[in-house]
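J.: Fold the stuff below for me.
(2 chains)
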Amino acid sequence: MKKHWRCFVCNDIHYGIKPPEICPTCQVKNAYVKTSSAEAETICGGAEAEKVDFNKDIFLEAIEKFTENNEFQVNPDREKVNLLLEGIFNNEKNHGLKYCPCRLITKDFKEDLKLVCPCNFLIHSTYKEKGECWCGLFKRRK
Amino acid sequence: MEKKIMFWARECPHCRNMIPLVDKLEEETDVKLERLEIWHNEKNADLMRSFKDVIAPKCGGQLRTPTFFDTETNDVICGKVEYEKLKEWALK
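T.: Residues are numbered from 1 along each chain as shown, chains lettered A, B, ... in the order given. Next up, the predicted model:
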C-alpha cells in the first residue's frame, strides 16, 4: 500500500510504497520518514511550494520535457495534439483528473488512475505495434 | 431491439477520422448507427459502462473510443479501422 513520506532535512514529500534512498532535492541518504496524509497535504499546499496553475501550454511544456530523454516524443502533429489537450483539460474540469480523451473512466478510482495522462502507454498494444499510445499523443521516435 | 452503436468522444482524433467512414457506410447501406458521445454525456457514458464486461476484453481491457458495438451479436471493433472492416462488422 502506498504511503506518504517526508524528508526530515528539506521536507520533500514522496508518495509511494518505499521512499527514495537518496532525497532528490537535498541529496541526503536515508532521510525519509513515514508521515500522515494530512501532514503531507499541508506541506504540499504550503507557502513554500511553487504554485503552478496548469494550463495547456504548461502541460505541453511538461510532457515535452518528460519525453526529452525517452525513446518517444510528443506527436509532431500539432492539430492532433491540440485536440487531445482540449479533451484532457475538459476531462480534468468535468471529471477531476487529466483523463485520456480516448478512453472512458470506469468509476473505480484505482482503475481510472491508469487513464491519467501521461499514462503507462509503453504497455499499450498500439505502442508496441504501431509506436503510438492509444490516443496518439505520444509517438516513438524514428 | 438490436442496435448498432458507435461510442465516440468529442476530443478523440480517431473518432473524428472514423465519422466520415460511418457517414459513407450509412449512405451505401441500410445500416444506421446510434452515435453516442461518452465524455460529455453521462447517460451515454453509463450505457457504455454497462457493456464493460463485453467490450473491455476485446479492447485491451478498457473502454476505448471509438468503439463499434452490436448489442445483439456483441460484436465489437475498437479504434480506427479501414472502411471494409467497418462495413464487414456492420453487415454481419
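J.: what residues go with each domain of chain A?
T.: Annotated domains of chain A cover A:3-44, A:56-140 [automatic domain parsing].
J.: Find the helix or strand that residue B:23 is a member of.
T.: helix B:13-28 (DSSP states H and E).
J.: Mind listing what's buried along that helix?
T.: B:13, B:14, B:15, B:16, B:18, B:21, B:22, B:25 (16 or more other Cβ atoms under 10 Å in any protein chain shown). Backbone N, C-alpha and C define where each C-beta goes, glycine included.
J.: Single out the most deeply packed of the domains of chain A.
T.: For these, the largest average neighbour count (mean count of other Cβ atoms under 10 Å in any protein chain shown) is found in domain A:56-140, namely a mean of 16.
J.: Pick out whichever of the buried residues of helix B:13-28 sits closest to chain A.
T.: residue B:13 (4.9 Å; Cβ to the nearest Cβ).
J.: Tell me the spacing between the residue of chain B found nearest chain A and residue A:91.
T.: Closest to chain A within chain B is residue B:11: 2.7 Å, counting by Cβ to the nearest Cβ. Separation of residue B:11 from residue A:91 (Cβ to Cβ, to the nearest Å) stands at 8 Å.
J.: same thing with residue A:82?
T.: Distance, residue A:82 to residue A:91, by Cβ to Cβ: 15 Å.
J.: you'd agree residue A:32 is up against residue A:4?
T.: No: counting by Cβ atoms under 8 Å, residue A:32 does not reach residue A:4; the two are 9.7 Å apart.
J.: And residue A:91, which helix or strand is it part of?
T.: Element membership for residue A:91 (DSSP H and E) is helix A:78-95.
J.: Past that helix, which element shows up next along the chain?
T.: Using DSSP H and E, the next helix or strand after helix A:78-95 towards the C-terminus is helix A:109-112.
J.: Just give me how far the next helix or strand after that following helix sits from the chain centre.
T.: On the C-terminal side of helix A:109-112, the closest following helix or strand by DSSP H and E is helix A:125-130. Averaging C-alpha positions (Cα atoms, centre = their mean, to the nearest Å) puts helix A:125-130 21 Å from its chain's average.
J.: so what's the most centrally placed residue in chain A up against?
T.: Closest to where the C-alpha atoms of chain A average out (Cα atoms, centre = their mean) is residue A:118, at 5.8 Å. Going by Cβ atoms under 8 Å, 6 or more residues apart in numbering or on different chains, residue A:118 touches A:63, A:66, A:133, A:137, A:138.
J.: For residue A:14, give the beta-bridge partners.
T.: With DSSP bridges applied, residue A:14 shows beta-bridge pairing to residue A:5.
J.: right, and the helix or strand after the helix holding residue B:23?
T.: Following helix B:13-28 in sequence, per DSSP H and E, is strand B:34-37.
J.: Output the below-cut-off pLDDT ranges for the chain.
T.: Unless you meant another one, I'm taking chain A. Residue ranges of chain A with pLDDT under 70: A:47-49.
J.: Can you look at chain B instead?
T.: Along chain B, the parts satisfying pLDDT under 70 run over B:1.
J.: Quick check: residues of it near chain A?
T.: Residues of chain B found near chain A (Cβ under 8 Å from any Cβ of the partner chain) are B:7, B:9-16, B:38-40, B:45, B:48-49, B:52, B:60, B:62-65, B:79.
J.: try 6 Å this time
T.: Contacts of chain B with chain A, taken as Cβ under 6 Å from any Cβ of the partner chain, map to B:9, B:11, B:12, B:13, B:38, B:45, B:48, B:60, B:62, B:63, B:64, B:65.
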